[in-house]
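A.B. asks: Here you go, sequence then predicted model.
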There are 2 protein chains.
Amino acid sequence: MVSSMSTSPYKQLEQEFKKLHAFRGAMSVLRWDAAVMMPRGSAEVRGEQLAALETEHHTMLTAPRISRLLDRAQANTQGLQDWQVANLREMRRQRDHAIATPVSLVSRLAKTVSRAEVCWLEARAQGRFELFAPMLTEVVHLVRDKAALLGQALNLAPYDALVDEFSPGITTADIDAMFKALSRRLPSLIREAIVAQETRPIRPLTGKFPFAKQRSLIVEVMKQVGFPFDRGRLDESEHPFTEGVPGDIRVTTRLDPNDPFTGLLGALHETGHAMYDLGLPQDWRDQPVGRDRGMALEESQSLLTEMIVCRSRPFVRYMQPLLAKHFGVGGPEWDVENIYARLTRVQRSLIRVDADELTYPLHIMLRYEVEKHLLSGELAVRDLPQAWNDGMEDRLGIRPTNDTEGCLQDVHWAVGSFGYFPSYALGAVIAGQLYESLRNDVPALDEQLAHGEFSGLLGWLREHVHGLGAKVPVQDLLRAATGKALSAAAFIRYVEAKYLETAASEAA
Amino acid sequence: MVSSMSTSPYKQLEQEFKKLHAFRGAMSVLRWDAAVMMPRGSAEVRGEQLAALETEHHTMLTAPRISRLLDRAQANTQGLQDWQVANLREMRRQRDHAIATPVSLVSRLAKTVSRAEVCWLEARAQGRFELFAPMLTEVVHLVRDKAALLGQALNLAPYDALVDEFSPGITTADIDAMFKALSRRLPSLIREAIVAQETRPIRPLTGKFPFAKQRSLIVEVMKQVGFPFDRGRLDESEHPFTEGVPGDIRVTTRLDPNDPFTGLLGALHETGHAMYDLGLPQDWRDQPVGRDRGMALEESQSLLTEMIVCRSRPFVRYMQPLLAKHFGVGGPEWDVENIYARLTRVQRSLIRVDADELTYPLHIMLRYEVEKHLLSGELAVRDLPQAWNDGMEDRLGIRPTNDTEGCLQDVHWAVGSFGYFPSYALGAVIAGQLYESLRNDVPALDEQLAHGEFSGLLGWLREHVHGLGAKVPVQDLLRAATGKALSAAAFIRYVEAKYLETAASEAA
């Protein structure tokens, strides 16, 4: 325990946020355990444990003492280093977000979404949206209240305030500009890519892929990327995710007995998150400034790793002999071109999580518009299925035949995560933008990747992204790393080159 | 959140202790994870998480608000039910223990033992006590201070105050009386048992015991006992333990490739703990009165299960066909008598955790005397190895040749657990006492066990032990269950009958 007499307000805040960091780490392990290890019947007990820790975390963060210390520390920042000033800003940001919503609303929302998630699971299983509609209506009302309060407190429009929770520094204007650029090019590009790939039919895979061998392959590749198995784990869960903190980071994937790429690419996607977290500044590791710079940047790291780096010819060249080694497979269906074609197949489909790089942003655009309209009241909950199906038909030319493959497919709204979906598209676009600069700065990148060498990639990312933590706003980070503010242009150049195999394409 | 205006002080306390219960549950999962799942390099991160939760738990428990509520609730207990009055008593007990030791001492002790444990591991590996002596001296000093403060606050002698933390309601006088009775009979009984068993040499085991098959066997037996795998887990760890809370209870064991009984009996020992926890009153489950009645009673349940129930002829009769089924073994070395002889072998040995039922209490007696003398100052830390080795020679007639198999074998003192050791011997004695009454009340017990039927056993234990939680003091519980206060007489009758196969022995 530090004595408050001998310690500066700033140092006292560091102590308090160190404690909050430990709480968040503990909650993360409990969530990991719930998804990977916990017996099915223990959900209620775990819910109580997480709620108690969450409530206490909220109480500590919003305590009057923190406000007083923040004011006193900010009144005199002389003697603080740059990162400490940024830390103070991030501390206040966390406090402002926490204090904007009254505990009663937080608690009501928590209880509602815990019921809503169960209701959603049931409705999805039955494909009957009407079972879920009343709960979703409740959630929308509560999130609308929360957005209004957050917006007032942060001086942002309500939807922007929700986005700010997940991706600070990104506004609706940024998102609209991005989607405008994407919707101008992607629909035609999808058509062109599908035509182009028709000249290269994919040979179906042969062979057997026992889970134990899939695991060995994944561990070998993750080690090669640099994932530290002495301070991290790989496990399996229904949906891949990353939890934990640097020092104990935990990645999961889902294995498919008929397709070795599902598990491997899922794990590599999560490894992208993990390498970001592991590259955060070690000296600030228990402070707000030492955290990631929001979900848009988090997604950029997983998508850069999975979609751009690992679904590339150089990576397939590295991976191909490993497939032979672990599964004993061979033949023309296992040559580099066939694997690469398989991993970059473009297809209009109904399910977001199975979508390819080109159609994915259109899935997100639909959700973005629908959730904004739900919150503003322009769209009534009962009209959601119709709006969804029309939106899918408009954008992708296909129409769900039931709500399970339509508006019931994602958990996000059931758990109250409005304002989160844009992060996925932002992540893709940021990944494209970073990748363009990365290729310029590391000319040997493809050759390195083809030899399973990830140091050039990670060195660049550490310098320009990971190592900054939350010190600078995301737009500043992008300008420093790429010379430009957030823009979809580089992403569009990247997908054009990749899917049309134009002159700018990577050398075969 | 409950409003304090409309809610009675007692009900407000229930809310507060519900939160503390959730915190303890969370810490238990984090400890389980640390022992079973956590990567080796993550110990420091986990230490910080547990320390943050522990400190917050302590702060909440010792908050002035709790004291005020306790006083107000106790001023008017009209309208409270019996169990609620007992709950109030247990709440105060927890608060009194927590508040007696200043945070600064708690924190200093926590830091010291965390270094001491590392130092102990190293010293034990090298067999060099002198490496550990300085750290142990520090620990002894801090525990002495803590015992003095606890004793003052609880109006107990210092060592009694330490015992009270683990086994409330048990005094040094009880322990002394027990050891006096045991030391009068056990040494001669050990000699007689060893003579008696010489007429029945044990045939060595044959067969192979792959871990997967051992696990299947253990799961089958645990299911039969009633362990709920939908709200519990079985895993492996270096030392068997039980963590979690009813609703999510987690048992571990250690598997030995050459001996299927190590893993099975270890798991059954822990299942004894788990069944106690699972039998605690569900309605009080998040309240202090709904917890177990201390470590002596906890150990009585694990020892009753492992030593008395499972190392018995009826249980071996149930188990024997399962061994054949899971391992495909057979032949005379696998007949009931040979297995039973193996599981009840008496042998003077140096290591406590490998000791049999007869020699085990003598191991504990040595530790009890040594730790009291260390705390009182009658024994200097530097003289511990000599005192230990002399004590072993006195009591068991064997002398360690190094400190690894001597005074460095247990972790307890390194982590500051003084006053804990007596629980093991108390547990054995209480198990014997409960068993005598159980046999009288459930005459068909042996026959049930031989058929793998545990309902008679568990029904009796639920009624007389598990279902009471912490409602009554342990001595009252024993008097109600057995008609007598704590006494070693029944235990001695039990071991005499078992190891000398006297008339009182269970029918062959």
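C.D. replies: Arrived safely.
A.B. asks: quick one: buried residues of stretch A:283-290?
C.D. replies: A:W284, A:R285, A:D286, A:Q287, A:P288, A:V289, A:G290 (16 or more other C-beta atoms under 10 Å in any protein chain shown). Where C-beta positions appear, they are placed from N, C-alpha and C, glycine not excepted.
A.B. asks: and the nearest residue to A:G406 once chain neighbours are set aside, what is it in contact with?
C.D. replies: In space, and not counting its chain neighbours, A:G406 is closest to A:P400: 3.5 Å by C-beta to C-beta, 6 or more residues apart in numbering or on different chains. A:P400 makes contacts with A:L350, A:W388, A:N389, A:M392, A:G406, A:C407, as judged by C-beta atoms under 8 Å, 6 or more residues apart in numbering or on different chains.
A.B. asks: Now do the same for A:P400: helix, strand or coil?
C.D. replies: coil (DSSP: H, G, I helix; E, B strand; the rest coil).
A.B. asks: hmm, the helix or strand that contains A:S216 in reach of chain B?
C.D. replies: A:S216 belongs to helix A:211-225 when elements are defined using DSSP states H and E. No - figure legend: helix A:211-225 not in contact with chain B (C-beta under 8 Å from any C-beta of the partner chain); closest approach 12.7 Å.
A.B. asks: Same question for that helix: list its buried residues.
C.D. replies: A:Q214, A:R215, A:L217, A:I218, A:V221, A:M222, A:V225.
A.B. asks: quick one: the fourth one and A:F229 touch, right?
C.D. replies: In this case it means A:I218. No - using C-beta atoms under 8 Å as the test, A:I218 is too far from A:F229 to be in contact (11.3 Å).
A.B. asks: Show me the domain layout of chain A.
C.D. replies: A:1-100, A:211-346+A:446-473 (automatic domain parsing).
A.B. asks: number of nearby residues for A:G406?
C.D. replies: 21 (other C-beta atoms under 10 Å in any protein chain shown).
A.B. asks: Which pLDDT value goes with it?
C.D. replies: The model reports A:G406 with a pLDDT of 97.
A.B. asks: Tell me if I'm right that it and A:P385 touch.
C.D. replies: Yes - A:G406 lies in contact with A:P385 (C-beta under 8 Å); the separation is 6.1 Å.
A.B. asks: and the closest residue to A:E56 other than its chain neighbours, what does it touch?
C.D. replies: Among residues not flanking A:E56 along the chain, B:E56 sits closest, at 6.3 Å (C-beta to C-beta, 6+ apart). By C-beta under 8 Å, 6+ apart, the residues touching B:E56 are A:K19, A:F23, A:E56, A:M60, B:F23.
A.B. asks: Doesn't B:E56 lie inside a helix?
C.D. replies: Yes - the assignment for B:E56 is a helix, going by three-state DSSP.
A.B. asks: which stretches of the stretch 201-350 of chain A form strands?
C.D. replies: A:232-236, A:242-245, A:248-253 (DSSP state E, counting those that start in this stretch).
A.B. asks: helices or strands next to the first one in the packing?
C.D. replies: With contacts taken as 3 or more C-beta pairs under 8 Å, 6 or more residues apart in numbering or on different chains; DSSP states H and E, strand A:232-236 sits against helix A:211-225, strand A:248-253, helix A:260-279.
A.B. asks: Please identify the pairing partners of the shortest one and their relative orientation?
C.D. replies: The sheet places strand A:248-253 alongside strand A:232-236 (parallel), strand A:242-245 (antiparallel), with pairing taken from DSSP bridges.
A.B. asks: Which residue is the nearest non-sequential neighbour of the most centrally placed residue in chain A?
C.D. replies: Central residue of chain A (C-alpha atoms, centre = their mean): A:E299, 3.6 Å from the mean position. Once flanking residues are discounted, A:E299 sits nearest to A:G427: 2.5 Å by C-beta to C-beta, 6+ apart.
A.B. asks: Tell me who's in contact with that neighbour.
C.D. replies: Residues in contact with A:G427 (C-beta under 8 Å, 6+ apart) are A:M295, A:A296, A:L297, A:E298, A:E299, A:S300, A:Q301, A:S302, A:L303.
A.B. asks: Repeat that for A:I170.
C.D. replies: A:I170 neighbours (C-beta under 8 Å, 6+ apart): A:V163, A:D164, A:G294, A:A296, A:P422, A:L426, A:V474, A:L486.
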